[in-house]
Each structure stands twice: as structure tokens, then as C-alpha cells.
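**Q** Would you be able to build a 3D model of this:
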Amino acid sequence: MKKQDITFGIHALEAVLNHSPERVIEMWVLQGRDDQRLTPLLEIAAQYGVSIQKTSRKALDEKAGSTQHQGVLARVKAVKQLNDNDLLALVEKTDTPFLLILDGVTDPHNLGACLRNADAAGVHGVIVPRDNSVGLTPTVSKVACGAAEVVPLFQVTNLARTMKSLQDKGIWIIGAAGEAEHNLYQADLKGPLAIAMGAEDKGLRRLTRESCDSLASIPMSGSVSSLNVSVATGICLFEAVRQRIS
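**A** Residues are numbered from 1 along each chain as shown. Below you'll find the model as predicted:
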């Protein structure tokens, strides 16, 4: 297991400093950058005694492995990887669990966007298979705009088995599938719930689809055959939110 990670981007670093400042080991800031967005972040870091170094854009690009760092980057202690046992512990202590299952999402930008959606919708946790799925990477954290620090991501060994364990705990699992007989707006999304979403190109894998209690489609009227997984996830999550607050 990695002991250290790189995190970059203003929102991602702000979330780390606000929620777990003890993880931040040191920070690098673009030489000459001094603006209203960055200053509050540096002030928070200074309060916690974080070492801050100024460096070139080229050095930041190399450390981040990306040019999308917004002029700030940090070396942080890696978070504990959450597993099946952690998930069941969360379910036990949550009155009405609201979960998101992502099956086979391998693009870090999509996972980051899904985490951001999940945070906005009040999801208690996101579940991904350990294999054939992206985990928490610097790009995921950057795209998630801080959500990766507050929404638990559970990486499970056997997704179908985990889904059965959730069902045994009284959680209804509904999968998004274009071939479903009923659409999302006919589904009951109240109560203990997990919404399962598949990868954009393949959808839910057969075993995952068969493990769902029910399936629902998103009504589509145009010429496109599918939506980006993060867009589809947002639609499904916020229909659940609408039902749960009405």
C-alpha cells in the first residue's frame, strides 16, 4: 500500500486541509503566483505548520504528471483504503443508507465527476470493484473538487457478493440499464437504496445487472444512444434526492 500521495488543485487541497490537515506533508506553489484564490489556502497551510516551497511551472507539471494543477500541489499521507468491512460498518450506523455503485468506471475524470455528484446528492458512500476500476488518484481528487475527501470510496473484492451483503441489510439496489422495461421516473427511490451505474461504453456487467433488485432506464428522446456515466449518475442521484425530500 502506498504511504504517500500527490494531491493538486485548489479545491482538492482545500478539502484535505479542512478535513484532515495532518495528512499534508509539504506543499509546492507556482513561483510568482499570488492571488485571492490561493492566498486563503496558503494561510490555512501555514496555520498547520506545513512547509511551503515556491517552484517553477515545469517542476509542478512534472510532480503532478499533469498541467491542470492550478499552481499548487502537495505531498500527502495516503488515505486508508476502505473495503467491504468498512462498508458494512457504515451501513450499520446509517439510518437510511444512500449508496452509489460504479461498475467498471476506469476513467479518473468520470470517477472524480461521479464523486462530486455523490457529495452534492448526500450519498453516504461510493462502491467500486477493486479490479477493473480506477481508484483514488490525483486526477480523481482534482476533478472531484474536494468531494474525494468527504465521500468514502469503498473498493471491494467481489462486487456481486458485496451487493448481496447490502441486500441482506435491507438495501434495495436499482441498476441503470437502457434495456429496462421501466424508466427512472417510475421507480421508487425512497428508503435504504443503492444505485448501480455501469461504464459508459459497456453499461453494467451481466453479473452486476443480475444482482440488482430492479433495473430502470433514463428516457432518451434524441439521436444519441448513451450519456456520459457522470451525467447519467447525476440524473439518477438527483431523482432519488427529489423523491426522498418530497
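**Q** Make sure L90 is actually in contact with H124.
**A** Yes - taking Cβ atoms under 8 Å as the contact criterion, L90 and H124 are neighbours in contact, 6.3 Å apart. From N, CA and C alone the C-beta is placed, and that goes for glycine too.
**Q** so what sits against both of these two?
**A** When contacts are counted by Cβ atoms under 8 Å, 6 or more residues apart in numbering, the set common to L90 and H124 consists of 97, 152.
**Q** residue boundaries of the helices in the protein?
**A** Under the criterion DSSP state H, helices of the chain are mapped to 10-19, 39-47, 57-64, 84-93, 108-121, 138-144, 159-168, 206-211, 229-245.
**Q** check contacts around the most centrally placed residue in the chain.
**A** Taking Cα atoms, centre = their mean as the criterion, L115 is the residue nearest the geometric centre of the chain, at 2.6 Å. Counting by Cβ under 8 Å, 6+ apart, L115 makes contact with 126, 140, 144, 147-148, 151, 153.
**Q** which non-adjacent residue is nearest the residue of the chain positioned farthest from its centre?
**A** What lies farthest from the middle of the chain is G32; by Cα atoms, centre = their mean that is 32.7 Å. In space, G32 comes closest to K54 once its chain neighbours are excluded; the distance is 7.9 Å by Cβ to Cβ, 6 or more residues apart in numbering.
**Q** what is the residue nearest to S214 when sequence neighbours are not counted paired to in the beta sheet?
**A** With Cβ to Cβ, 6+ apart as the criterion, S214 has its nearest non-adjacent residue at 5.1 Å, and that residue is I174. Using DSSP bridges, the beta-bridge partners of I174 come out as I195, S214.
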